[in-house]
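**Q** just coords:
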């Protein structure tokens, strides 16, 4: 266990840091060790539950979710919606696309050609004539507006509005300069008043009070953080040692006796039971099985023989003509070829 201190900074540390470090680390170590041990115990329990409970339950829930939610929708999509979509597509093609194509080809296209001819032969000449008339009227209105509006407006701007605007601009610049001068004087007075009454006292408080207090608090906070880190590492070593001790205790009190009982008692007893009981029982069972199979085979052979004898007694031997199943049929005289009668065997 490495409990050495962290290396000191190159510039050295003050007596305040050294005086704060040891008490803070002792207090923090006392507070952190139980928390770290509880944390390590919770981590071990969480891993055990995750491996033995949560992961199998999650896999089962995932399988149930697939069986309940995914597979029915996949089957519905594959065996219902896709064929239905294909049927609707073909139906839409027959009911909508084909009539729309025929309407476009045989109705809208001729109407479009007629409309284009009407536009080229009728509307275009009329539009050109109206454009010429509108251009003439626009030129006349433009000349009239220039003579009645533009020329008087330019004269009014040049000889009336421009001099008046220059005079107003000069007056406005003078007023702006006067206002800027007044505002500058007021802002300067307020600046020095605020500097003397607020900024200099606040600067003094910051420099001589807050900065030293902040440095002290920074040292304390840094040492507390370092103490927490150090205590957390030490608590980890302590927790590891306690865990190993508990594991060794569990091993020597439970695992090793159970292993000794299994190895020294249960294994010889199992061997004896297997040699004395299980093997004779298995041999007896195999013997009984063989005898049963032979008996069933003999019974099957006997049954086949009995069935063959019964068939032979009722129908005759199919390999040898007998009295049964054979009929003697004479040919008619007209069809006789002079060679006598011929026996025709017919098997039932």
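**A** Arrived safely, thanks for sending. These figures come from a predicted structure and were not determined experimentally.
**Q** Just give the number of residues close to residue 196.
**A** 10 (other C-beta atoms under 10 Å). (Each C-beta comes from the backbone N, C-alpha and C, glycine too.)
**Q** Name the residues of the lowest-mean-pLDDT helix or strand in the chain that are buried.
**A** Ranking every helix and strand in the chain by mean pLDDT, DSSP states H and E puts helix 15-49 at the bottom, with a mean of 79. For helix 15-49, burial by neighbour count (16 or more other C-beta atoms under 10 Å) applies to 20-21, 24-25, 28-29, 32-33, 36-37, 40.
**Q** Give me the residue ranges of the chain where confidence is low.
**A** For the chain, the stretches flagged by pLDDT under 70 are 1-20, 316-348.
**Q** Which single one of the buried residues of helix 15-49 is nearest to residue 53?
**A** Checking those against residue 53 with C-beta to C-beta, the nearest one is residue 40 at 19.7 Å.
**Q** Test my guess that the closest one contacts residue 241.
**A** No: between residue 40 and residue 241 there is no contact under C-beta atoms under 8 Å: 11.0 Å.
**Q** what residues are up against the closest residue to residue 24 other than its chain neighbours?
**A** Closest residue in space to residue 24, ignoring its immediate chain neighbours: residue 227 at 4.7 Å, by C-beta to C-beta, 6 or more residues apart in numbering. By C-beta atoms under 8 Å, 6 or more residues apart in numbering, the contact list for residue 227 reads 21, 24-25, 27-29.
**Q** Next, find the distance separating residue 227 from residue 217.
**A** Residue 227 sits 15 Å away from residue 217, going by C-beta to C-beta, to the nearest Å.
**Q** now the host helix or strand of residue 231 and helix 15-49, what's the angle there?
**A** In this structure, residue 231 sits in helix 211-250 according to DSSP states H and E. Inter-element angle recorded for helix 211-250 and helix 15-49: 40 degrees (by axes from the mean of the first three to the mean of the last three C-alpha atoms, to 10 degrees).
**Q** From the rest of the structure, what touches the next helix-or-strand element following helix 211-250?
**A** Next in sequence after helix 211-250, counting helices and strands by DSSP H and E, comes helix 256-261. By C-beta under 8 Å, 6+ apart, no residue outside helix 256-261 reaches it.
**Q** now swap in stretch 157-173 and tell me
**A** Applying C-beta under 8 Å, 6+ apart, stretch 157-173 has no contact partners.
**Q** Sort out which residues of that stretch are buried, please.
**A** Result for stretch 157-173 [16+ other C-beta under 10 Å]: no buried residues.
**Q** In space, not sequence, find me the middle residue of the protein.
**A** Nearest to the geometric centre of the chain sits residue 62, at 13.5 Å (C-alpha atoms, centre = their mean).
**Q** what's the helix or strand for it?
**A** helix 55-65.
**Q** Kindly report the same for residue 169.
**A** helix 162-194.
**Q** Now do that helix: distance to the chain's middle.
**A** Centre-to-centre, helix 162-194 and its host chain are 67 Å apart (C-alpha atoms, centre = their mean, to the nearest Å).
**Q** in the helix holding residue 231, what's buried?
**A** So helix 211-250, judged by 16+ other C-beta under 10 Å, has buried residues 219, 223-224, 226-228, 230-232, 234-236, 238-239.
**Q** Quick check: the two most widely separated of the residues you listed?
**A** Among these, 219 and 239 lie farthest apart (C-beta to C-beta), at 29.6 Å.
**Q** what separates residue 122 from residue 81, distance-wise?
**A** 54 Å.
**Q** Over to residue 91?
**A** Counting by C-beta to C-beta, the gap from residue 91 to residue 81 is 15 Å.
**Q** related to what we said a few turns ago, quick one: which of the contacts of residue 227 is nearest residue 179?
**A** Of these, the one sitting nearest to residue 179 (C-beta to C-beta) turns out to be residue 24, at 62.1 Å.
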